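> Here is the input, now give the coordinates:
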Amino acid sequence: MDLCYLDACEVLQRYKKREVSPVDVLQAQIERFEQIGGEINPFTQCRFERAQQQARLAEQAYMRNEARPLEGVITAIKDETYVRGEVTTNGSRLLQNNVADVTDPVPERLMAAGSIFHARTATPEFSVASYTWSDLWGVTRNPWNTDITPGGSSGGAAAAMAAGLSTIANGTDMGGSVRIPASQCGLVGLKASHGRIPEIPPYNVDPYVHHGMLTRSVRDMVLLYNLISGPHPVDLMSQMAKEPVASQPLDLRGVKVGLSLDLGFFPLDDDVRRNTLSYAETLRASGAEVELVSLDWDARCIRTAQIHQGAQMGHMLRKKYDHAECRAQLTSYVKHYFSLSAAASPQRILEANEYAQHMWQSLEQVFRDYDFLLCPTVCSTRVPADFDYSRDSMEVGGVEVDPVKGWFMTYPFNTLSRCPVLSLPSGFADNGVPTGVQLVGHPYADGRLLQFALGIEAVTGPFIHADNRPMNLQVLNS
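Modelled structure (predicted):
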């Protein structure tokens, strides 16, 4: 039994049966980090001594039959997420001494449920890239192929999960920052419908911004969704009735799935296309009805997302940090991000909003006939770990694409933020990196989406487990 690769549901069952202790699981993960952490660089700060004390307390809670729902589950928290009293750098040298005076709703609920925070996970500076490196913390690498990025911005979380260094991890998603790393590392990643999972102000008022989790199984995602979703006093956008998700899988027979390989305009690498088609065949073999559909989207999807992000997050960051005294400490890609976001004029914001409505009208036509939309998560798994969109070009399937957003297919569903989206593993690319597919649900139908994914997992089983894990890391060959 490899304690590092038990999912949360399994580890909780074993805790309750006294077959294993939170102390044991944490120690196994610490030992693995000490052996391989330097190869992938997933953590910015480790809180192992504190976590060991909490693990001993969790062990005692099980002995007294007083365990909370996540008692002793080892959890990594993104170094963008506020936890009161802890330094939160968001990958920036400007924030090395930034101590949070509040706690985000998601870690607040995770802590209240008994989870143990043992490390903070790496993110690109200000979380504005789909890869994970910063001048402050260095390069984070993909455990399946260390030449390749684990994705971003929640790349440290995904790398840690794939390497067996945490049982669960949180992430945030403004353009795919949970789903891209999930795809790149063979994990499950959820972007819930906007408002379902509360976020801290001022980020909560941006409909593109979502808080989420990364897990190694769909059943873990259902467990966590039920614990972290629902109204929270600080978040006006979350004030809707909580809808717990049943753990009963949806019968795949007769479920209608529309398949789009390109969302109208994305090129794909051959291995991503192959794995997406194979995934569709798996659904068909399980009784689902999968048919090709067309969306009349085009590259204006990119512009729409860029303009929105420039007008919201970009404007906020430029106001704080786009000054002479700060610029010398900014990464090259943040400076480029600032230059792109400065183009968000009122006229372009209006145009972006109009095109977003066009996008919904096209998807709504699909949803009239289908229960879900299926498409790839990323277009290519070949993005180097040290890629820099401010200087490097990008090619996918032999076609040059936008280096900022041209290699992943996630951000259209931040534009259409009321649609829940789950990224699930679909296989391996030719370079050994996992590929992923997105399942897109009807607006606010998070429960049905998760139950559909449970039905798929009942057929396929979890992707990452003790017998299917990164084998190129030194400790795993020992």
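> quick one: contacts for the one residue sitting closest to the centre of the chain?
With distances taken as CA atoms, centre = their mean, V178 lies nearest the centre of the chain, 1.4 Å away. The contact partners of V178, taken as CB atoms under 8 Å, 6 or more residues apart in numbering, are 154, 171-172, 189-191, 210, 212-214, 423. Heads up, the C-betas are built off the backbone N, CA and C, glycines and all.
> Most neighbours among the residues you listed, which one is it?
S154 (38 neighbours; other CB atoms under 10 Å).
> For the nearest residue to A113 once chain neighbours are set aside, list the residues it contacts.
Using CB to CB, 6 or more residues apart in numbering and skipping the chain neighbours, the partner closest in space to A113 is L70 (3.9 Å). Residues in contact with L70 (CB under 8 Å, 6+ apart) are 8, 12, 110, 113-115, 227.
> ok, now how distant is L190 from R196?
To R196, L190 is 10 Å away according to CB to CB, to the nearest Å.
> which residues do those two both contact?
With CB under 8 Å, 6+ apart, L190 and R196 have common neighbours P420.
> In the stretch 101-250 of the chain, what residue spans correspond to helices?
105-112, 155-162, 179-185, 218-228 (DSSP state H, counting those that start in this stretch).
> Which pLDDT value goes with the residue nearest to S134 when sequence neighbours are not counted?
Once flanking residues are discounted, S134 sits nearest to G91: 3.8 Å by CB to CB, 6+ apart. pLDDT recorded at G91 is 98.
> Surely G91 is in contact with W137?
Yes. With contact defined as CB atoms under 8 Å, G91 reaches W137; the gap is 6.2 Å.
> any residues in contact with both of these two?
In contact with both G91 and W137: 44, 79, 122, using CB under 8 Å, 6+ apart.
> pLDDT and distance to R318 for those - can I get that in TSV?
Formatted as TSV, those follow (pLDDT from 0 to 100; distance: CB to CB, whole Å):
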residue	pLDDT	distance to R318
T44	98	24
D79	98	21
A122	99	24
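> of these, closest to A246?
D79 (34.0 Å; CB to CB).
> circling back to that earlier point, the residue nearest to the centre of the chain and V255, how far apart?
24 Å.
> Tell me where the stretch 251-400 of the chain is predicted with low confidence.
Of all residues in the stretch 251-400 of the chain, none has pLDDT under 70.
> make it 90
Filtered on pLDDT under 90, the stretch 251-400 of the chain yields the residue ranges 343.
> what about the helices in it?
Going by DSSP H, counting those that start in this stretch, the stretch 251-400 of the chain shows helices at 270-285, 300-309, 315-321, 324-327, 332-341, 346-367.
> Contact partners for the closest residue in space to P412 that isn't next to it in sequence?
Excluding its sequence neighbours, the residue lying closest to P412 (CB to CB, 6+ apart) is C301, at 5.0 Å. Each residue near C301 by CB under 8 Å, 6+ apart is listed here: 263, 265, 355, 359, 411-412, 415.
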